[in-house]
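K.L.:
Quick one: sequence plus predicted model below, questions after.
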Amino acid sequence: MSRRVLITGGAGFIGSHTCIVLLEAGYDLLVLDNFSNSSPEALARVASLADVPLDGQQLQIKRGDIRDPITLDELFSAAAASGRPFEAVIHFAGLKAVGESVEKPLFYWDVNVAGSRTLLAAMDAHACRTLVFSSSATVYGYPETVPILESAPIQPINPYGFSKAAVEQMLADLNSGTPNTWRIASLRYFNPVGAHPSGQIGEDPLGIPNNLFPFVSQVAVGRRAQLRVFGSDWPTHDGTGVRDYVHVMDLAEGHKAALETLLSQGPQHLTCNLGSGDGASVLDVVNAFSAASGQGIPYALVDRRPGDAAVTIADPSRAADILQWRTKRTLTDICRDGWAWQRANPMGYRQSE
Ligand code: NAD
Ligand code: WQD
């Protein structure tokens, strides 16, 4: 019988790509999502790409909120009653906009921290104690050394980062307070970008994108006039900020690797960077995207953005050692697949802005 996994936030950018990888590997999934930052259409396309019925046994869908203990209790109870309990949870649901987290800190503590606590309580009550959690390289703040090891200091610089660090601490407390009970992987993603190679699913930010990659894609497709490059005086090879961009399909495969590592090993709390170990500057991304799309990407060099670091690059060796996972796709692959998605879906899953 297939292993069944609850995926919170599975309609979102990283969740939808992970659903495809897990469905293709034979897992049965139930996606819990309130669609606050995603579209049900993403799951319809996931079902079609993975060749499973929409909302059937392999891919069930529940609209609901991770902060609602009744919804969670009903989901876990119904799964147990059907004889197909959840063996694990992959927890993507959350808010991720740094600027919004500064303006609405309570909202971020509520969804990201209180929501995770509510989920963990439901998992514990139903004896489902295997969790893959979406953490972020944002917990490192301004890194003191690069590449960044998991042992680097945790020193967030905004409420979003603090919310991720708080959940990691909650998971560490749970692991040490109830030893030999939980199997937990906290995955610290670097910069997730790109799209499924079909071009049918991808990143679909609401409004003006905060992040580089979707902004560049929207300039290429003619939806935005020009990119603002935040700072050209950073201590990097061309003066623009350097990041570790990870293809979302590599990231999706990292979740499968983490899940299977946990299911095959004993209780633990594992913390892993998910990054490539390579850095690309803003102008490297602009040039690679321009080459992949055949489109000019007009840009203006402007002041640095407050809160940015010069360089963030993962040391990905722990994930290679423990999860047997490493990135396979290049910046060229990222731009080719990101462009396939943007060109075929200039307005994302919506018809208009
Ligand atoms: P996303 O916004 O595309 O996906 C998150 C999903 O969670 C969305 O479908 C949204 O509707 C859902 N959601 C939000 N609040 C919810 C709630 N209260 N109840 C149920 N569902 C809810 O984001 P993503 O880029 O796919 O990120 C997934 C996770 O990875 C997030 O936790 C994010 O913080 C983390 N992360 C993302 C990045 C990144 O740059 N994309 C980097 C590091 C970590
Ligand atoms: C990348 C580079 C910018 C936009 C953020 C979050 C982090 C994580 C991933 C969730 C930087 C430059 C950007 C633009 C630009 N999310 N840039 N013009 O800041 O590394 O990470 O997303 O966990 O928490 O902080 O990513 O894509 O915003 O920026 O020049 O319009 O592109 O200055 O050098 P960042 P980003």
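P.N.:
On my side now, so go ahead. Ligands and ions are numbered 1, 2, ... in the order given.
K.L.:
so what's the residue in the stretch 151-300 of the chain positioned nearest to ligand 1 up against?
P.N.:
With CB to the nearest ligand atom, the shortest gap between the stretch 151-300 of the chain and ligand 1 falls at Tyr189, namely 3.8 Å. All C-beta atoms are positioned from the backbone trio N, CA, C, and that covers glycine. Counting by CB atoms under 8 Å, 6 or more residues apart in numbering, Tyr189 makes contact with 14, 134-137, 246, 251, 274-275.
K.L.:
how close does it get to ligand 2?
P.N.:
6 Å (CB to the nearest ligand atom, to the nearest Å).
K.L.:
who's that residue bridged to?
P.N.:
Beta-bridge partners of Tyr189, counted by DSSP bridges, are Ser136, Leu274.
K.L.:
Break down the stretch 151-300 of the chain into its strands, ranges please.
P.N.:
All strands of the stretch 151-300 of the chain, identified by DSSP state E, counting those that start in this stretch, fall at 183-189, 191-193, 227-230, 242-243, 245-247, 268-274, 280-281, 299-302.
K.L.:
Partner strands of the fourth one, with direction?
P.N.:
To tie it back to what came earlier, the one meant is strand 242-243. Partner strands and pairing direction for strand 242-243 (DSSP bridges) are strand 280-281 (antiparallel), strand 311-312 (parallel).
K.L.:
same question, the last one
P.N.:
Paired with strand 299-302 in the same sheet, following DSSP bridges, are strand 227-230 (parallel).
K.L.:
what does the partner strand contact?
P.N.:
Against strand 227-230 from outside (CB under 8 Å, 6+ apart): 212, 215-216, 219, 240-241, 282-283, 286, 297-305, 308.
K.L.:
Can you tell me which residues in the stretch 51-200 of the chain are near ligand 2?
P.N.:
By the rule CB under 6 Å from any ligand atom, the part of the stretch 51-200 of the chain lying against ligand 2 is 96, 98, 136, 138, 191.
K.L.:
let's go with 5 Å and repeat that
P.N.:
Proximity of the stretch 51-200 of the chain to ligand 2, by CB under 5 Å from any ligand atom, involves residues 96, 98, 136, 138.
K.L.:
Which ones among the residues you listed lie within helices?
P.N.:
Taking DSSP state H, the ones among these that sit in helices are Val98.
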